[in-house]
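Undergrad: my questions are about this predicted structure, shown below with the sequence.
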Amino acid sequence: MAGSVESSRRRTLSRVAALLSERRGLLRDYMAAISGAGGRLVFSLAYFVFLANTLSLADFGVFATASAAGVMLSRILGFGFISTLYRVATVKPRLIGTFTAGFLLMAVLSLPLLAAGSWLVHALFFGATLALPIFAAVIVAEALLWRPVELAIIVNNGLGAFGRASLLTILGTAMRALAATLFMLQADASLAHWSLWYLGANALVAAIAFGFFYPRQRLRFEPRLYWRRLSDSLAIAGAEILFYLQMEFDKFIVLAMGGAQLAGIYAVIMRLVDLTAIPIRTFTMMLVQKMMRTPAMLSSLKLRGGIELAVFCVSTAALCALALVLHFFPNALGRNIAQTAGLVILAFAIPGARNLVEYQAELLFARGQTVLRAVNLALLGAAKALLLAFALSATSNAGDLIWSLNGVFALLYLVSAALTYSALRLPAKRA
């Protein structure tokens, strides 16, 4: 009897020790990943402050919109094969070299479509405000240079090398901040001049990423593996374009309907909102990896609600803290940003709703529901465009516009939640 009790006690202690060890490993990984987010936050803020106070507010608005276009168009590169590489790095890392070769092949094949898409976006939205060579430089920087850097970060995260991914994230953002600092010291503060600095900074980061951070594996072409995954990759590429379209299309609409000056004010506010998402994305990335291995982990309504409440509270608290600082020290982030200091608090509900929409989209990616994700994002993009166009038609005053956007993003969150959690009732698809 005593032996049985002792055996039971040992098993209990062993389970407790294993649980603590697992939690320590998870905490270690999260701290390694969040260190990259923290470093990125610091350098992103420095980059934003230096650039927004060097360019005119109108030029900053035009550049922010062009950069958003580049981020959106960059998802065409490789036809979504980066997502396949992420899955491979997470579950079958020995195939990274094979699928890297596949990505390179898909990237070359996607270049004509990327060029055509870029020309079309410029013709529709930038013909009267930005010369084509300047726009092309921004697109090259975002799509052909920075997107591959993101690939290196994504692959390292998939491998669990969160420290290396964090270091590369910090280096990349720091390089952009350094370029903005050096640009601030130049006599020529034109947008054309900045586009060259931006191109050079991203080129240097890309060289560092693939020279020192990408896993060393021999490239092997296995076309039969690529074609089998092409339909899923195309669905993900479409979903990614739609995701960034619904995330960034507001800048296009404000530029088209409100002009460059209002676009600049709006870009400053939304950039401050976007800074609140950086630590949230670290948590989401690790949750997605966990869900790839255990798709049913969010079946608990209580757990889902708790996560969403935490995301909303952290996002809102971050923006309110920033608004409080700018209330007492309006020039803390420079003279151009001071023009928008009083508007920041009006956006109090936007970060939480926006970050939750992004989080919900990642849940469907983690479960392999890529087609549903693409459909949901298309619906959200259309709804956002209509709601924002309505808000802009009702007022051209920056304060009234920011205030009305709280309602716009709250409605988008409700639509996203209804679509996402309906989809989560369906069986997950394992890649």
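TA: Perfect, I can see it now.
Undergrad: helix or strand next in line after the strand or helix carrying residue 51, which one?
TA: Residue 51 belongs to helix 2-52 when assigned by DSSP states H and E. With elements assigned by DSSP H and E, the helix or strand that comes after helix 2-52 is helix 57-73.
Undergrad: packing partners for that next one?
TA: Judged by 3 or more CB pairs under 8 Å, 6 or more residues apart in numbering; DSSP states H and E, the packing partners of helix 57-73 are helix 2-52, helix 96-121, helix 132-139, helix 191-208, helix 223-275. Backbone N, C-alpha and C define where each C-beta goes, glycine included.
Undergrad: figure out which of those is closest to residue 75.
TA: helix 223-275 (3.9 Å; CB to CB).
Undergrad: for the next helix or strand after the closest one, which positions count as buried?
TA: Downstream of helix 223-275, the next assigned helix or strand under DSSP H and E is helix 277-293. Across helix 277-293, burial judged by 16 or more other CB atoms under 10 Å covers 277-289, 291-292.
Undergrad: just stretch 395-402 next, same as before
TA: For stretch 395-402, a neighbour-count test (16+ other CB under 10 Å) marks 398, 401, 402 as buried.
Undergrad: wait, which of the helices and strands packed on helix 57-73 is closest to residue 381?
TA: That would be helix 223-275 among these, by CB to CB, at 3.6 Å.
Undergrad: if I look at residue 134, how far off is residue 145?
TA: Residue 134 sits at a distance of 16 Å from residue 145 (criterion: CB to CB, to the nearest Å).
Undergrad: one more: residue 59?
TA: For residue 59, the distance to residue 145 - CB to CB - is 22 Å.
Undergrad: with residue 217 instead?
TA: For residue 217, the distance to residue 145 (CB to CB) stands at 22 Å.
Undergrad: comparing these two, which residue is more hemmed in?
TA: The residue with more neighbours, out of residue 217 and residue 145, is residue 145; 22 against 15, by other CB atoms under 10 Å.
Undergrad: so what's the residue nearest to the more buried one when sequence neighbours are not counted up against?
TA: Of all residues not flanking residue 145 in the chain, residue 202 sits nearest, at 3.9 Å (CB to CB, 6 or more residues apart in numbering). By CB atoms under 8 Å, 6 or more residues apart in numbering, residue 202 lies in contact with 141, 142, 145, 146, 149, 175, 176.
Undergrad: leaving out sequence neighbours, find the closest residue to the fifth one.
TA: Excluding the flanking residues, the one nearest residue 149 by CB to CB, 6+ apart is residue 209, at 4.6 Å.
Undergrad: tell me the confidence at the one you found?
TA: Turning to residue 209, the model gives it a pLDDT of 94.
Undergrad: residue 186 now?
TA: For residue 186, pLDDT reads 88.
Undergrad: spit out the contact partners of it.
TA: residue 193.
Undergrad: which residues touch the residue nearest to residue 80 when sequence neighbours are not counted?
TA: In this structure, residue 80 finds its nearest non-sequential neighbour in residue 237, 2.9 Å apart by CB to CB, 6+ apart. Neighbour list for residue 237: 75, 76, 78, 79, 80, 83 [criterion: CB under 8 Å, 6+ apart].
Undergrad: quick one, which of the buried residues of stretch 395-402 has the minimum pLDDT?
TA: Within the buried residues of stretch 395-402, pLDDT reaches its minimum at residue 398, with 85.
Undergrad: please report how far residue 349 lies from residue 179.
TA: Note on residue 349: its distance to residue 179, by CB to CB, is 34 Å.
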